[in-house]
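1. no sequence on this one, just coordinates:
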């Protein structure tokens with residue numbers, strides 16, 4: 001980036017460090033922080049959508065739909081996250097390729113399962129081998145987002161299911177007495193009020209989601225953990241023009257500061273949101289606000 005970085009072997013002190021921290025690989029490290037934030041920005045609403053759908057299904061009076069909702073919550077919550085991530089991403093990827101294989105290569109006669117190998121025609125590969133690198137990265141990131149959303153959606157479904165049941169029954173009965181249908185009662189009474197009961201659980205889930213983002217490393221996405229390990233490890237002139245000792249401790253310390261700072265900001269935002277939703281509600285937080293105002 002700087003003119004004096006042309007020959008790193010002649011540099012020392014601050015100039016060496018400034019050139020080292022502005023290499024192309026370090027730019028990838030800095031961009032990976034954006035990758036983590038993008039994952040959170042997309043996953044959070046998707047997980048909430050999965051959770052809301054799962055909670056509605058679990059509370060359904062139609063038994064098959066209720067079984068699906070309760071089964072989704074129980075199965076995903078009962079499997080360790082790492083095991084689910086490693087299994088589901090592979091299964092989802094192979095499922096996409098299998099479907100494309102059946103449509104694009106109907107003349108294929110060889111078995112898809114050949115021992116331990118999963119073999120499909122070249123046209124069915126996701127993405128194609130001739131696709132640019134950004135498509136491979138986008139596809140891997142999309143699989144990660146979908147997996148995160150499904151996993152944390154199950155936990156959100158459990159939280160929202162409990163929050164829906166926490167809405168005072170008297171309010172639901174009053175709405176029904178005024179002639180509201182079951183659908184109107186749900187959308188006008190239950191849903192607006194359930195958030196104040198759900199927010200503590202969803203806040204904890206958000207914190208867990210933040211702490212789970214290093215799982216991107218297991219899914220093959222070049223996230224901040226990947227770059228911290230690669231850049232912080234011992235280097236020689238064979239691998240880089242900037243050899244240095246093992247600096248992984250300092251790189252992971254930077255990740256620690258990032259995660260602590262981000263969770264602190266999240267706590268402040270969630271506290272303000274909780275106070276806003278508790279205003280006027282018949283909850284402990286709402287009662288505390290009324291006493292403070294009095």
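-> Nice, thanks for sending it over. Not measured: the values here are computed from a predicted model. Residues are numbered from 1 along each chain as shown.
2. chain center to stretch 22-37: distance?
-> 19 Å (Cα atoms, centre = their mean, to the nearest Å).
3. What of stretch 141-161?
-> 7 Å.
4. Could you give me the buried positions within it?
-> Using 16 or more other Cβ atoms under 10 Å as the test for burial, stretch 141-161 gives 141, 143-161. Heads up, the C-betas are built off the backbone N, CA and C, glycines and all.
5. same deal with stretch 257-269?
-> Residues of stretch 257-269 classed as buried by neighbour count (16+ other Cβ under 10 Å): 259, 262, 266.
6. What count of nearby residues applies to residue 35?
-> With neighbours defined by other Cβ atoms under 10 Å, the count for residue 35 comes to 21.
7. Next: residue 231.
-> Using other Cβ under 10 Å: residue 231 sits among 22 other residues.
8. any chance of the buried residues of stretch 257-269 in a markdown table, plus distance to residue 273?
-> Shown next, in a markdown table, are those (distance: Cβ to Cβ, whole Å):
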| residue | distance to residue 273 |
| --- | --- |
| 259 | 21 |
| 262 | 16 |
| 266 | 10 |
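9. Relative to residue 169, which of those is nearest.
-> residue 266 (32.9 Å; Cβ to Cβ).
10. so the closest one touches residue 206, yeah?
-> Yes: under the criterion of Cβ atoms under 8 Å, residue 266 makes contact with residue 206 at 6.3 Å.
11. in the stretch 51-200 of the chain, which spans are strands?
-> With DSSP state E, counting those that start in this stretch as the criterion, the stretch 51-200 of the chain has strands at 113-114, 117-118.
12. Deepest in the core, which of the ones you listed is it.
-> Comparing these by mean neighbour count (mean count of other Cβ atoms under 10 Å), strand 117-118 ranks first with a mean of 11.
13. who does that strand pair up with?
-> Using DSSP bridges, strand 117-118 pairs in its sheet with strand 113-114 (antiparallel).
14. who's in contact with the strand it pairs with?
-> Defining contact as Cβ atoms under 8 Å, 6 or more residues apart in numbering, one finds that strand 113-114 is touched by residue 119.
15. for the record, mean pLDDT for that strand?
-> In this model, strand 113-114 has a mean pLDDT of 78.
16. Could you do stretch 121-131 as well?
-> Stretch 121-131 carries an average pLDDT of 76.
17. cool, and stretch 4-24?
-> Averaging pLDDT along stretch 4-24 yields 76.
18. tell me which residues in it are buried?
-> Judged by neighbour count (16+ other Cβ under 10 Å), stretch 4-24 contains these buried residues: 5, 8, 11, 16, 19-20, 23.
19. Quick one: those as CSV, columns for distance to residue 224 and secondary structure too.
-> Putting the buried residues of stretch 4-24 into CSV (distance: Cβ to Cβ, whole Å; DSSP: H, G, I helix; E, B strand; the rest coil) gives the following:
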residue, distance to residue 224, secondary structure
5, 24, helix
8, 24, helix
11, 26, coil
16, 23, helix
19, 22, helix
20, 18, helix
23, 16, coil
